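[1] Got a predicted structure here, sequence first:
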Amino acid sequence: MKNILLVGTGTIGEPLIGLIAENKDALGIDNVFFFKRTPLVDEVGKVEALIRKGAQLFTTKDRIDEFKSLGFTEAKNVEIAYEEAQVIIDCTPSGNSNWESIYSKLSTDKLFLAQGSEHGFGPFFVWGINNEILEENLNKILIASCNTHNMASVIKTFTIDSQETLEKANFVCMRRSNDVSQNEGYSPSPTVTEHKIEQYGTHHARDVAELFKQSDIELNLFSSAIQIPTQYMHTLWFNLEFSSDITYDKVIAKLDESVDLTSTEKLSSNKVFSFGRDHGYHGRILSHGVIVKKSISVENNTLTGFCFTPQDGNALLSSVAASLHKFNPSDWESKMKIFDKYIYKNI
C-alpha cells in the first residue's frame, strides 16, 4: 500500500491534503490520511470538505470521542496512521520537536518531510531546483519556505539557466502580515526584521545559499526583510550583479522559458492574489514566483526587479514531488504533469 499522512490542517496542510487526495488515483496513492489534533466547532466545515475530497481523519486516542460528537464517526487513532503511512508530511511549525518525540521512533524506511520554518530538519528541497537530492534516498527532507522557492528560482532562471556568473545578489523580502484565514499576527505598521545572521542578513539568504551549496554552488547573497500591513502576498525585491553585461531581451527570453517562474503585467499584489483565488488550486498559485515584467530593469551587468511570492502555494508541489519519488522513483516526474493545469505562464 502507498499511504501518506499529512500532519496539520493550517495554511499549508489544508490545501496540500486536498491537492493529494483529489488526485490520489492519478498519482498512484492508495490512502491519504490527515492528522488534526483539536476538534473545533468552527472548523467542522473544513474537516468535512477534506473528507469529501477523499482524505481520512485521524487524531489522538483521547480526542476520538470529541470528533465523533461533532459528527466524524470515522475518526481513527493517529497511531495507526503513523504505522501504515510510508510518507509523513509535517505541515506544522513543530516539525523538529515532532521528530524528537514521535517520528524518530518510527521505521527509518519511511520518508519524513517538514516545512521551511523547521531549519535543521534535513537538507532543503525545491522541486525543479535540486531534484537530485531525492536520489540520495534520505528519510528526512526539509521542504524550503515560500521565499526560498521564489529567490532560488530567480537565481536559477537568470543565472544558472542563462549561463551567467553571479557576483552577488541582494534581496528585500516584504512579507505580508498573516493569511486571510488567520485572526492573529496582523502587523499594523511596517516592522523591520533584524539582520541577525552574519554574512547573510536574514535567514532568507542563508537558506537559499544552503540550498545551492548542497549542489556545490557557492553564492554571495544578502537579504533584508520587513513585514508590511497586508494580507495578500509577500513581495520580493531582487538585485543581481553579474560578472559581465547582460541584455534586457535575454532576461525576458529566459523568464518566458522558465518553468519555475510566471510573469504578470499587473503591478499590485491584490490583482495577482485575486487571480489565484479565481483560478488557482484552493486559491493558491503553484508557481515559485510571479515576476512583475514592468519592474525589470537592466543596466550594464545588473538586473533589478520585483517578484510576488505565492506563499502557502509555491511549496505545495515540492512536498508532492518528494512523496511521489518515494513511491515511484522511476516515473515520478511524469506523474507530476497532472498539475500542469494549475500552472499559468501569465497572470
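    Thanks, I have the structure now.
[2] Count the neighbours of residue 347 for me.
    22 (other CB atoms under 10 Å). (Each C-beta comes from the backbone N, C-alpha and C, glycine too.)
[3] shouldn't it be in contact with residue 263?
    Yes. Residue 347 is within contact range of residue 263, at 7.3 Å (criterion: CB atoms under 8 Å).
[4] which residues are in contact with both of these two?
    residue 290 (CB atoms under 8 Å, 6 or more residues apart in numbering).
[5] Tell me which residues touch residue 315, please.
    For residue 315, the contacting residues are 12, 115-116, 126, 143-146, 149, by CB under 8 Å, 6+ apart.
[6] Narrow those residues to those in helices?
    Residues of the contacts of residue 315 located in helices (DSSP state H): 146, 149.
[7] Show me which of the contacts of residue 315 is closest to residue 187.
    residue 146 (17.3 Å; CB to CB).
[8] With adjacent residues omitted, what lies nearest to the closest one?
    Leaving aside its sequence neighbours, residue 146 sits nearest to residue 311 (CB to CB, 6 or more residues apart in numbering; 4.0 Å).
[9] do the same with residue 31
    Per CB to CB, 6+ apart, closest to residue 31 is residue 3, 4.4 Å.
[10] from memory the one you found sits against residue 85, does it?
    Yes. Taking contacts as CB under 8 Å, residue 3 lies within contact range of residue 85: 4.6 Å.
[11] Residue 275 belongs to a strand, doesn't it?
    No. In this structure, residue 275 is helix, not part of a strand, as judged by DSSP: H, G, I helix; E, B strand; the rest coil.
[12] Surely it and residue 285 touch.
    Yes. Contact criterion CB under 8 Å: residue 275 and residue 285 qualify, at 7.4 Å.
[13] Check the contact lists of those two and give me the overlap.
    344, 347.
[14] Please identify which of the two sits among more neighbours.
    Per other CB under 10 Å, whichever of residue 275 and residue 285 has more neighbours is residue 285, with 28 against 18.
[15] how close does that one get to residue 19?
    Residue 285 sits 13 Å away from residue 19, taking CB to CB, to the nearest Å as the criterion.
[16] tell me which element residue 48 falls in.
    In the assignment (DSSP states H and E), residue 48 maps to helix 44-52.
[17] Pull out the buried positions in that helix.
    Buried residues in helix 44-52, counted by 16 or more other CB atoms under 10 Å: 46-47, 50-51.
[18] What is the nearest of those residues to residue 259?
    Closest to residue 259 out of the buried residues of helix 44-52 is residue 50 (29.3 Å), distances taken as CB to CB.
[19] Isn't that closest one up against residue 22?
    No. Using CB under 8 Å, residue 50 is not in contact with residue 22, being 10.0 Å away.
[20] Distance check, the residue nearest to residue 146 against residue 200.
    Residue 311 sits 20 Å away from residue 200, going by CB to CB.
[21] now swap in residue 260 and tell me
    Taken as CB to CB, the span from residue 260 to residue 200 is 22 Å.
[22] Equivalent analysis for residue 291, please.
    For residue 291, the distance to residue 200 equals 23 Å [CB to CB].
[23] more neighbours, those two?
    Using other CB under 10 Å, the more surrounded residue of residue 291 and residue 200 is residue 291, with 28 against 19.
[24] and that one, bridged to which residues?
    Residue 291 has the following beta-bridge partners by DSSP bridges: residue 263, residue 307.
[25] mind checking how far it is from residue 261?
    Using CB to CB, we find residue 291 at a distance of 5 Å from residue 261.
[26] what residues are up against the residue of the chain most remote from its centre?
    Distance from the C-alpha centroid of the chain, by CA atoms, centre = their mean, peaks at residue 69 (34.2 Å). Under the criterion of CB under 8 Å, 6+ apart, the contact list for residue 69 reads residue 39.
[27] change it to 7 Å
    For residue 69, the contact set (CB atoms under 7 Å, 6 or more residues apart in numbering) is empty.
[28] quick one: pLDDT of it?
    In this model, residue 69 is scored at 94, pLDDT.
[29] what do you get for the one 5 residues further on?
    We have a pLDDT of 94 for residue 74.
[30] surely it meets residue 57?
    Yes. Assessed by CB atoms under 7 Å, residue 74 is found in contact with residue 57 at 6.3 Å.
[31] of these two, who's got more company?
    Higher neighbour count among residue 74 and residue 57: residue 57, with 22 against 11, using other CB under 10 Å.
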